[in-house]
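Enquirer: missing the sequence, but the structure's below:
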Ligand code: 4AD
Ligand code: MG
């Protein structure tokens, strides 16, 4: 009978006539002669009104049991979605065991919910977040493809650090050790000489030893690289892709944002141009706010948070001192102590979501900086090679997609927006 079922959202739209729906029992309540079952599918929830006399099993049914119900749709303003189904026949597809998540567990213990994440994914909250994630990833692909970027597929097993050796994961690879990629940047830099504008959306891995609200050991990374381009060109793509994604979510996911209690004003304001702020200006702003900072100091999570609360749009923070950024960043020829680098910071305290900039494209300059940073040019042979045959100015960035979803959904923790999060302690489920 489940083949003849219609989606619950469709049943709510129809609001009358006979219908069959199928799904999982989300809530249950007994009132005199009736059992009210809230039935959930991927599209929504509907209230089933089940006569107790005819279906005595309904009263003791465990949550998350699966069933198919046929009956008559009736408009009822007090029911969720304004429609209920007066049930005439039920096919009990699978009567479940007692469900280990009840409402108390759901609100009180987030570690427990992580232990049972394989089941918690069924919650309406996770459902809403996963739908927003789906929209975000689709919008990223659409943005790049419509603007003439080619999608490319770099490897995940790599042999040279992009973002520093400290956070590399080692992998046994036959008779030797390799690493999991931290960023596909170097591979994208190789690919621009073939395709000029390239992007990829793939996992990146970092052995982050601390548990923070915005770090995972495995995250989704949207990275792009453009030939014949400078820092500003890359930063503008960053503004546009975020603006495009947010607009799409506001278009398609109002119900989910509402279910999550997300206020959308900050999202509505996230239209390009963002607020451009140099590192020098940021230090001034932060000193006025009482941070004891001098030029050259790092802008950490607390500082980022304070900056984002000063402005009501995302920030393009640019021109970081050389020692704060990885070796591949091109130094500003007019001011060699700073790099042509930028971060994009999300508002409302969320902070960094993009890191990027212009790359060194001269072979000699690159080798010198690798040595100045205490690294070994031999480890970067093919990367240096890219500069030896028709090198051109180029720039790109990496966007942490989970962080973008976290802000859009208004989540407190990055773990909340990933179906199976990975951090230092957690690799299960
Ligand atoms: O700033 P990052 O380290 O820059 C790079 O990896 C460049 N090679 C990217 C490029 O230019 N192609 O990382 C880029 C973004 C960060 O801004 C952040 O949003 C995200 O990746 N990110 C993380 N997200 C979750 N958990 C982590 N441990 C992350 N580390 C970085
Ligand atoms: Mg960064």
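Expert: Nice, I can see it. Every value quoted in this text rests on a predicted model; they were computed, and no experiment measured them. Ligands and ions are numbered 1, 2, ... in the order given.
Enquirer: Please make it C-alpha for all contacts and neighbour counts, starting now.
Expert: Fine.
Enquirer: Flag the shaky bits of the stretch 51-200 of the chain, pLDDT-wise.
Expert: Where the stretch 51-200 of the chain drops to pLDDT under 70, the residues are 104-108.
Enquirer: ok, now which ones touch the residue in it positioned nearest to ligand 1?
Expert: In the stretch 51-200 of the chain, the residue that lies nearest ligand 1 is residue 185 (4.1 Å; Cα to the nearest ligand atom). The contact partners of residue 185, by Cα atoms under 8 Å, 6 or more residues apart in numbering, come to 162, 223, 224, 225, 396, 397, 398.
Enquirer: Then residue 167?
Expert: 206, 207, 208.
Enquirer: ok, how many other residues are close to residue 69?
Expert: Residue 69 has 23 neighbours, counted by other Cα atoms under 10 Å.
Enquirer: Ends of stretch 206-221, what's the gap?
Expert: Stretch 206-221 has an end-to-end distance of 12 Å (criterion: Cα to Cα, to the nearest Å).
Enquirer: Apologies, that question was intended for stretch 374-384.
Expert: Stretch 374-384: ends 16 Å apart by Cα to Cα.
Enquirer: Could you see whether ligand 1 lies near it?
Expert: No. Using Cα under 6 Å from any ligand atom, stretch 374-384 stays clear of ligand 1, coming no nearer than 13.2 Å.
Enquirer: So for that stretch, mean pLDDT?
Expert: For stretch 374-384, mean pLDDT rounds to 96.
Enquirer: Then stretch 13-23?
Expert: On average, stretch 13-23 scores 98.
Enquirer: Stretch 240-256: how far from the chain's middle?
Expert: Averaging C-alpha positions (Cα atoms, centre = their mean, to the nearest Å) puts stretch 240-256 13 Å from its chain's average.
Enquirer: Now list the buried members of the contacts of residue 167.
Expert: Neighbour counting with 16 or more other Cα atoms under 10 Å marks 206, 207, 208 as buried within the contacts of residue 167.
Enquirer: Give me the subset of those residues that also touch ligand 1.
Expert: Cross-checking the buried ones among the contacts of residue 167 against ligand 1 (Cα under 6 Å from any ligand atom) gives 206, 208 as the overlapping residues.
Enquirer: Now go through the buried ones among the contacts of residue 167 and say which are in strands.
Expert: Among these, no member falls in strands (criterion: DSSP state E).
Enquirer: export the buried ones among the contacts of residue 167 to a markdown table and tack on pLDDT?
Expert: Converted to a markdown table, the buried ones among the contacts of residue 167 look like this (pLDDT from 0 to 100):
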| residue | pLDDT |
| --- | --- |
| 206 | 98 |
| 207 | 97 |
| 208 | 94 |
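Enquirer: Export the buried ones among the contacts of residue 167 to CSV and append columns for distance to residue 234.
Expert: As requested, the buried ones among the contacts of residue 167 are arranged in CSV below (distance: Cα to Cα, whole Å):
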residue, distance to residue 234
206, 24
207, 27
208, 27
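Enquirer: Could you say which helix or strand holds the residue of the chain positioned farthest from its centre?
Expert: For the chain, the residue at maximal distance from the C-alpha centroid (Cα atoms, centre = their mean) is residue 53, at 48.1 Å. Assigned by DSSP states H and E, residue 53 belongs to neither a helix nor a strand.
Enquirer: Pretty sure it sits against residue 33.
Expert: Yes. Using Cα atoms under 8 Å, residue 53 is in contact with residue 33, at 7.1 Å.
Enquirer: OK, contacts around the residue farthest from the centre of the chain?
Expert: When contacts are counted by Cα under 8 Å, 6+ apart, residue 53 touches residue 33.
Enquirer: Now with 10 Å, please.
Expert: Residues near residue 53 by Cα atoms under 10 Å, 6 or more residues apart in numbering: 33, 34, 35.
Enquirer: now swap in residue 347 and tell me
Expert: In this structure, residue 347 makes contact with 266-267, 269-270, 304-315, 407, judged by Cα under 10 Å, 6+ apart.
Enquirer: same check, this time on residue 427
Expert: 217, 420, 421.
Enquirer: Dihedrals phi and psi, residue 71?
Expert: Main-chain dihedrals, residue 71, degrees, to the nearest 10: phi -180, psi -160.
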